[in-house]
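Participant: Sequence isn't available, so here's the structure alone:
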């Protein structure tokens, strides 16, 4: 039988897969760069967040879980900035 | 076990698809982006093959720095529209050479190579206590085969000197914005910390001078792209010192052993660990400087090459 922790992990990982799949579909199908960027940053923020939270619960030591969450924080910062920079560039290019 | 087969086969298929993408995609920009993805996947494959040292180096240099370099080179390099006869000849010759190489590689892989699994090799493991470090890869690179690493540093230095004499360094883009500056302020200390960690870790775990140097160089690239935060000013003498530091430290440590009647680069047992750390620290700084200059594509000082102590910079 599974422990409650493992069940929560499975639930989080499955939701992460759903977010990744939906985000990838949106990345391929949405019409313009800004919409696709929206999908991409959602994958980074929410998808990776769910993945990190799920994996953090089943780490042998708590410090490893903390490291995963630290990586997620870094990804939040960098994906926010990357999204802003790419959008900025798109607007700049369309005005030329 | 079944699951790993699926993962491995997916990795193989993706490698081939990305390689095809980086060769045959419609525009040069797409090919470069496929190539960066290919580099990242190569890093994952090395990790899967239990070679974390190579994975780290590939992720930092292969995917990160080379990617930045290729993207930066894009606007000036346009693909030629029509193929000339010479191009076709080159294509056929490269195809022939690649086919030949593939045949030879398959012959070597199927006949000569003994399959070793588990520890890197018995010879290294047996002598590891003499190395001064407990990580076998660092033991080979900085002690048992230190001569190779010394020459590698010299080759890198020669390449950098070539790049320095090409042109002035690439100008920093100036439209990054406030958000990017904030990210750089967060990332920069983390990158420097990571480089120090990789350098220190090299003695007993995957890491070392090349990985640490590549991460430091990545910090320079981030600074350059951001355009807001800048490196402190440096002079030509300081730049030369940084470039030569790694090689000079390596050589002098090696030569001092000759004076004591030992072989070149044969460290005394008690000092081996500290000497390797010393050499790697110098090498890290030099490699970071070299890789940064290669990315910048030229000399970073405005009054090159007359300046002795003028504190002028463009990057």
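Facilitator: Here it is on my side, so go on. From a predicted model like this one, the values you see are computed outputs, not experimental measurements. Numbering: from 1, shown residues only, chains lettered A, B, ... in the order given.
Participant: Now the one helix or strand residue A:20 maps to: average pLDDT?
Facilitator: Applying DSSP states H and E as the criterion places residue A:20 in helix A:4-29. In this model, helix A:4-29 has an average pLDDT of 92.
Participant: Equivalent analysis for stretch A:74-89, please.
Facilitator: Here the average pLDDT along stretch A:74-89 is 85.
Participant: Please see if the helix holding residue A:20 touches chain B.
Facilitator: No: interface with chain B: helix A:4-29 contributes nothing (C-beta under 8 Å from any C-beta of the partner chain), its closest point being 13.7 Å away. No exception for glycine: its C-beta is placed from N, CA and C like everyone else's.
Participant: What residues of that helix count as buried?
Facilitator: A:9, A:12, A:13, A:15, A:16, A:19, A:20, A:23, A:26, A:27 (16 or more other C-beta atoms under 10 Å in any protein chain shown).
Participant: now the stretch 151-300 of chain B, which segments are flagged as low pLDDT?
Facilitator: B:174-176, B:227-228 (pLDDT under 70).
Participant: For the closest residue to chain A within chain B, grab the count of nearby residues.
Facilitator: Per C-beta to the nearest C-beta, residue B:183 is where chain B lies closest to chain A, at 4.0 Å. Other residues within reach of residue B:183, judged by other C-beta atoms under 10 Å in any protein chain shown, total 21.
Participant: separation between it and residue B:223?
Facilitator: 12 Å (C-beta to C-beta, to the nearest Å).
Participant: Residue 24 - nearest residue in space that isn't next to it in sequence?
Facilitator: Because you didn't say which chain, this covers chain A. Leaving out its chain neighbours, the residue that sits closest to residue A:24 by C-beta to C-beta, 6 or more residues apart in numbering or on different chains is residue A:43, at 7.3 Å.
Participant: that's the wrong chain, I meant chain B
Facilitator: Spatially, and ignoring its direct neighbours in sequence, residue B:24 is nearest to residue B:31 (7.9 Å; C-beta to C-beta, 6+ apart).
Participant: May I ask you to confirm that the one you found is in contact with residue B:22?
Facilitator: Yes: shown here, residue B:31 and residue B:22 form a contact pair, counting by C-beta atoms under 8 Å, at 5.1 Å.
Participant: tell me which element residue 87 is part of?
Facilitator: Let's take chain A. helix A:62-95.
Participant: oops, chain B please
Facilitator: Going by DSSP H and E, residue B:87 is part of helix B:85-107.
Participant: Would you mark the buried spots in that helix?
Facilitator: Under the neighbour-count criterion of 16+ other C-beta under 10 Å, helix B:85-107 has nothing buried.
Participant: Does that helix pack against any helices or strands, and if so which?
Facilitator: On a contact count with 3 or more C-beta pairs under 8 Å, 6 or more residues apart in numbering or on different chains; DSSP states H and E, helix B:85-107 meets no helix or strand.
Participant: what's the average pLDDT for that helix?
Facilitator: 90.
Participant: before we move on, the earlier item: moving C-terminal of the helix holding residue A:20, what's the next helix or strand?
Facilitator: The first helix or strand that comes after helix A:4-29 along the chain, using DSSP H and E, is helix A:33-42.
Participant: Point out the other helices and strands that that following helix packs with.
Facilitator: helix A:4-29, helix A:62-95.
Participant: After it, which helix or strand is next?
Facilitator: Criterion used, DSSP H and E; the element after helix A:33-42 is helix A:48-57.
Participant: can you count the residues close to the nearest residue to residue B:288 once chain neighbours are set aside?
Facilitator: Leaving aside its sequence neighbours, residue B:288 sits nearest to residue B:216 (C-beta to C-beta, 6+ apart; 3.5 Å). Neighbourhood size, residue B:216 [other C-beta under 10 Å]: 24.
Participant: ok, now residue A:46?
Facilitator: Residue A:46, neighbours per other C-beta under 10 Å, totals 16.
Participant: How about the spatially most central residue of chain B, nearest residue that isn't a chain neighbour?
Facilitator: When C-alpha atoms, centre = their mean is applied to chain B, the residue found nearest the centroid is residue B:61 (4.1 Å). Counting by C-beta to C-beta, 6+ apart, residue B:214 is the residue found nearest to residue B:61 once chain neighbours are left out, at 4.9 Å.
Participant: what's near enough to touch the one you found?
Facilitator: Applying C-beta atoms under 8 Å, 6 or more residues apart in numbering or on different chains to residue B:214 gives the contacts B:57, B:60, B:61, B:64, B:65, B:287, B:288, B:291.
Participant: So which of those is the closest to residue A:81?
Facilitator: residue B:64 (16.5 Å; C-beta to C-beta).
Participant: Quick one: residues contacting the closest one.
Facilitator: Taking C-beta under 8 Å, 6+ apart as the test, what residue B:64 contacts is B:39, B:214, B:218.
Participant: Which of those residues fall in strands?
Facilitator: Of the contacts of residue B:64, none are assigned to strands by DSSP state E.
Participant: So which of those sit within helices?
Facilitator: Counted as lying in helices by DSSP state H, out of the contacts of residue B:64, are B:39, B:214, B:218.
Participant: need the contact list for the first one.
Facilitator: By C-beta under 8 Å, 6+ apart, the contact list for residue B:39 reads B:58, B:59, B:62, B:63, B:64, B:66, B:67.
Participant: switch to 10 Å and redo it
Facilitator: Neighbouring residues of residue B:39 by C-beta atoms under 10 Å, 6 or more residues apart in numbering or on different chains: B:18, B:22, B:58-67, B:70.
Participant: cool, and the last one?
Facilitator: Contacts were defined as C-beta under 10 Å, 6+ apart; by that measure residue B:218 touches B:60-61, B:64-65, B:68, B:187, B:191, B:194-195, B:288, B:291-292, B:295.
Participant: Mind putting those residues into JSON lines with secondary structure and distance to residue B:256?
Facilitator: Formatted as JSON lines, the contacts of residue B:218 follow (DSSP: H, G, I helix; E, B strand; the rest coil; distance: C-beta to C-beta, whole Å):
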{"residue": "B:60", "secondary structure": "helix", "distance to residue B:256": "31"}
{"residue": "B:61", "secondary structure": "helix", "distance to residue B:256": "31"}
{"residue": "B:64", "secondary structure": "helix", "distance to residue B:256": "36"}
{"residue": "B:65", "secondary structure": "helix", "distance to residue B:256": "33"}
{"residue": "B:68", "secondary structure": "helix", "distance to residue B:256": "38"}
{"residue": "B:187", "secondary structure": "helix", "distance to residue B:256": "39"}
{"residue": "B:191", "secondary structure": "helix", "distance to residue B:256": "33"}
{"residue": "B:194", "secondary structure": "helix", "distance to residue B:256": "32"}
{"residue": "B:195", "secondary structure": "helix", "distance to residue B:256": "27"}
{"residue": "B:288", "secondary structure": "helix", "distance to residue B:256": "25"}
{"residue": "B:291", "secondary structure": "helix", "distance to residue B:256": "28"}
{"residue": "B:292", "secondary structure": "helix", "distance to residue B:256": "30"}
{"residue": "B:295", "secondary structure": "helix", "distance to residue B:256": "34"}
